[in-house]
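Chemist: sequence plus the predicted model coming up.
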Amino acid sequence: MIRFEQVGKRYPNGHVGLHELSFQVRHGEFLFVTGHSGAGKSTLLRLLLAMERPTSGRLLLAGQDLSSITTAQIPFLRRQIGVVFQNHQLLFDRSVFDNVALPLRILGLGKDEIARRTLIALERVSLQDKVEGFPSDLSTGQQQRVGIARAVVHQPALLLADEPTGNLDPRLAAEIMGVFEDINRLGTTVLIASHDLALIARMRHRLLTLQRGRLISDGEAA
Ligand SMILES: Nc1ncnc2c1ncn2[C@@H]1O[C@H](COP(=O)(O)OP(=O)(O)OP(=O)(O)O)[C@@H](O)[C@H]1O
Ligand SMILES: [Mg+2]
């Protein structure tokens with residue numbers, strides 16, 4: 001599903017965010033990317049979203065070469081990907097339903113199909129009883145779950161998350177990671193950038209460790 005071949009990213013100011021990174025991810029995998037602040041975790045995710053281009057090497061996502069993707073192809077690429085942010089970035093003047101339905105409205109789906117898929121996504125994060133509520137009526141963990149529902153509502157093949165539990169206490173962080181595992185069990189490939197090593201170690205998934213833009217280990221978290 002993902003293939004990094006000697007991928008390098010040098011920013012315009014000359015700073016090198018990633019050095020000759022090579023690894024592969026199979027369909028349906030669940031993996032973490034960790035490393036200290038500045039190690040290159042967000043750079044890696046931004047390359048997958050084509051928010052940045054590699055400056056060397058080749059990056060393939062589902063067979064598509066992101067090193068040479070055109071601006072016109074980017075919307076099609078993003079339909080295959082869901083993204084969860086540390087700050088869930090919900091719209092507080094819209095209902096839970098409308099927040100989750102937004103990506104489907106952008107895709108131009110019909111009203112019934114939007115309602116059907118939005119309810120399924122909210123069920124997947126156990127928030128079916130909050131459909132009519134507003135984000136401000138929800139707890140922090142519930143708000144983050146709305147963010148996850150919005151990220152998977154268009155049924156992406158790949159779910160990316162950048163520090164999705166950074167603002168949560170340990171119990172809520174573990175609960176949110178459980179939601180990601182549930183989504184992965186249904187077939188979605190999940191890649192999470194996190195520096196919560198205690199939590200990662202408990203979950204026993206594949207772990208990539210970056211250090212100053214280099215991949216220094218790849219294996220099951222110990
Ligand atoms: N737009 C940019 N221009 C120049 N340098 C950048 C840019 N974005 C990131 N960098 C640099 O690239 C390196 C990797 O940054 P990145 O944001 O990927 O780190 P990170 O692992 O996500 O860190 P954190 O844990 O703090 O989020 C850092 O040294 C950073 O300063
Ligand atoms: Mg980051």
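Modeler: Nice, I can see it. Numbers count the residues shown, from 1 in each chain. Ligands and ions are numbered 1, 2, ... in the order given.
Chemist: may I have the phi/psi pair for residue 33?
Modeler: phi -120, psi 130 (degrees, to the nearest 10).
Chemist: who touches it in this structure?
Modeler: 41, 44-45, 191-194, 207-210 (CB atoms under 8 Å, 6 or more residues apart in numbering). (C-beta placed from N, C-alpha, C; glycine too.)
Chemist: can you lay out the residues you listed as JSON lines showing secondary structure, neighbour count and pLDDT?
Modeler: Listed next are the contacts of residue 33 as JSON lines, based on DSSP: H, G, I helix; E, B strand; the rest coil; neighbours: other CB atoms under 10 Å; pLDDT from 0 to 100:
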{"residue": "41", "secondary structure": "helix", "neighbour count": "25", "pLDDT": "97"}
{"residue": "44", "secondary structure": "helix", "neighbour count": "29", "pLDDT": "98"}
{"residue": "45", "secondary structure": "helix", "neighbour count": "20", "pLDDT": "97"}
{"residue": "191", "secondary structure": "strand", "neighbour count": "24", "pLDDT": "98"}
{"residue": "192", "secondary structure": "strand", "neighbour count": "27", "pLDDT": "98"}
{"residue": "193", "secondary structure": "strand", "neighbour count": "24", "pLDDT": "97"}
{"residue": "194", "secondary structure": "coil", "neighbour count": "23", "pLDDT": "96"}
{"residue": "207", "secondary structure": "strand", "neighbour count": "20", "pLDDT": "97"}
{"residue": "208", "secondary structure": "strand", "neighbour count": "22", "pLDDT": "98"}
{"residue": "209", "secondary structure": "strand", "neighbour count": "20", "pLDDT": "97"}
{"residue": "210", "secondary structure": "strand", "neighbour count": "24", "pLDDT": "98"}
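Chemist: and the helix ranked longest in the chain, what does it pack against?
Modeler: The single longest helix within the chain, with elements called by DSSP state H, is helix 170-185. On a contact count with 3 or more CB pairs under 8 Å, 6 or more residues apart in numbering; DSSP states H and E, helix 170-185 meets strand 30-34, helix 111-124, helix 140-152, strand 158-162, strand 189-193, helix 197-203.
Chemist: any idea how far the spatially most central residue of the chain lies from ligand 2?
Modeler: In the chain, the residue lying closest to the centroid (CA atoms, centre = their mean) is residue 160, at 1.4 Å. Residue 160 sits 12 Å away from ligand 2, going by CB to the ion, to the nearest Å.
Chemist: so what's that residue scoring on pLDDT?
Modeler: pLDDT recorded at residue 160 is 98.
Chemist: one more: the one 5 residues further on?
Modeler: Per-residue confidence for residue 165 comes out at a pLDDT of 92.
Chemist: check contacts around the nearest residue to it once chain neighbours are set aside.
Modeler: With CB to CB, 6 or more residues apart in numbering as the criterion, residue 165 has its nearest non-adjacent residue at 3.6 Å, and that residue is residue 173. Shown in contact with residue 173 (CB under 8 Å, 6+ apart): 165, 196, 199.
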